[in-house]
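Engineer: Return a 3D structure for these sequence lines:
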Amino acid sequence: MRLVERLGELWQYRELIYSLVVRDLKARYKNSVLGIAWSWLNPLMMMVVYTVVFNVLAGHSGISDYPVFILSALLPWNLFATSVAQATDSIVGAASLVKKVYFPREALPFSVVLGNAVNFLIALPVFFGLALAMGRPITAWALLLPLILIIQLAFTAGIGLITSTLNVFYRDTRLIMNVLLMAWFFLTPIFYPITRVPEQYTVWGVTLNPRVWLRRVNPMASIIASYRDILYWGAPTGWDFLLRTAVTSLAVLVAGYVFFLHYSPRFGEEV
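Structural biologist: Okay, the predicted model is just below:
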């Protein structure tokens, strides 16, 4: 089935995707006392931990309003990491459904990403409230937030399609991704500004620009830096990197989708 035809079929199943997203949101905090309030408390508690560890203990005191600084990157990172981790297990976790009922299998990882995107939007007021409370102005550049979010969702969905496929055939994928996501976290400018990455580093006699290559090799570095530019610094910088990342994200999404569609007919017998 051609990609365009599959997209048309996926659109016909949009109500299923909507139902899966709603189900995920309802199940996320089911039987919890605070319910949806955890969408606000969880990033706040993580922000406090990272602020104490990286600002107080590690001594990054040169960064003003560090809680706002860390939260501007932590929220989108949580969206990415949680989406990839859950999408990786989405097909195997729904084995009984995959075996019994026909539907576009990509609806499962897509619904995971969309559900976490909704959770991200729910948590955003926490950032804006904290920024205003600390006297950090929110500029008109924040209106570009949807653009960056779309780019991130495209990249995240592409990675999720690839890892969910691999996890069907190699169950170690989920465990490996947990380790990779931890390493990915430290290689992304979340608790440190990307300007802290040196512009020159010589290895084996070759001089490189780690700051440039970090953003080229790691799309999340460019995405996180773009969030921080408009939410923390209040003005965009390095939009050329974001445009390249947009192209990369689209390429990853298309490649991931093609990869997923190639192996999806075998999911029923493998899960």
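Engineer: What distance do you get for the spatially most central residue of the chain to Ala131?
Structural biologist: For the chain, the residue whose C-alpha lies nearest the mean C-alpha position (CA atoms, centre = their mean) is Phe80; its distance is 1.5 Å. Look at Phe80 and Ala131: by CB to CB, to the nearest Å, they are 21 Å apart. Just so you know, the C-beta spots here come from the backbone N, C-alpha and C atoms, and that holds for glycine as well.
Engineer: Could you do Ala27 as well?
Structural biologist: 31 Å.
Engineer: Looking at those two, which one has more neighbours?
Structural biologist: Ala131 (22 against 10; other CB atoms under 10 Å).
Engineer: which SSE is that one in?
Structural biologist: If you go by DSSP states H and E, Ala131 is part of helix 107-133.
Engineer: so what secondary structure elements neighbour that helix?
Structural biologist: In terms of contacts (3 or more CB pairs under 8 Å, 6 or more residues apart in numbering; DSSP states H and E), helix 107-133 is packed against helix 14-28, helix 38-50, helix 66-88, helix 90-93, helix 145-169.
Engineer: Leu124: which of the ones you listed is closest?
Structural biologist: Closest of the helices and strands packed on helix 107-133 to Leu124 is helix 66-88, at 6.9 Å (criterion: CB to CB).
Engineer: For Arg105, grab phi and psi.
Structural biologist: When read as degrees, to the nearest 10, the backbone of Arg105 gives phi -60, psi -30.
Engineer: Mean pLDDT and distance to Tyr232 for the helices and strands packed on helix 107-133 - can I get that in a markdown table?
Structural biologist: Output for those, formatted as a markdown table (pLDDT from 0 to 100; distance: least, CB to CB, whole Å):
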| stretch | mean pLDDT | distance to Tyr232 |
| --- | --- | --- |
| helix 14-28 | 85 | 27 |
| helix 38-50 | 78 | 13 |
| helix 66-88 | 93 | 4 |
| helix 90-93 | 92 | 32 |
| helix 145-169 | 96 | 12 |
